[in-house]
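Visitor: 3D, please:
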Amino acid sequence: MTTATRSEQSPQRLNAAPESHQLVESILTQLINRKEALGLSYAQLGKLLGVSRAATFQILRVGKAPTIPTLVAYAKAMGCRLSMELEEH
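Guide: The predicted model follows:
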């Protein structure tokens, strides 16, 4: 018996890519806006997170796809909570 890969089990998974990129870019934009509103430099934010300035800059670059735990950590470091909702369509 062979098992199907995730993409074989869910053909719509491939179609979700543009939507997921938009979601990530929206969250990153909000994090960048929050960083700027707080007047934090990349070095200061990195210190709060325990990572380098360069690592902080790379994560917040729009176009990257950080993990959900990373996004949660960045939001928390800036006094926010990341929330996501599942909606039927």
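Visitor: next, the buried residues of the lengthiest helix in the chain.
Guide: For the chain, the helix reaching the highest residue count under DSSP state H is reported as helix 17-37. By 16 or more other Cβ atoms under 10 Å, the buried positions in helix 17-37 come out as 24, 27, 28, 31, 34, 35. Every residue, glycine included, has its C-beta placed from N, CA and C.
Visitor: what does stretch 54-65 give?
Guide: Neighbour-count burial for stretch 54-65 flags 56, 59, 60 (criterion: 16+ other Cβ under 10 Å).
Visitor: again, but for stretch 74-89
Guide: Of all the residues in stretch 74-89, those buried under the rule 16+ other Cβ under 10 Å are 74, 75, 77, 78.
Visitor: where does pLDDT dip in the chain?
Guide: Residues of the chain meeting the criterion pLDDT under 70: 1-16, 62-63.
Visitor: if we can go back for a sec, show me the buried residues of stretch 54-65 that map onto helices.
Guide: Secondary structure from DSSP H places 56, 59, 60 of those in helices.
Visitor: surely the first one touches residue 45?
Guide: Yes - in this structure, residue 56 sits in contact with residue 45. The criterion is Cβ atoms under 8 Å, and the distance is 5.0 Å.
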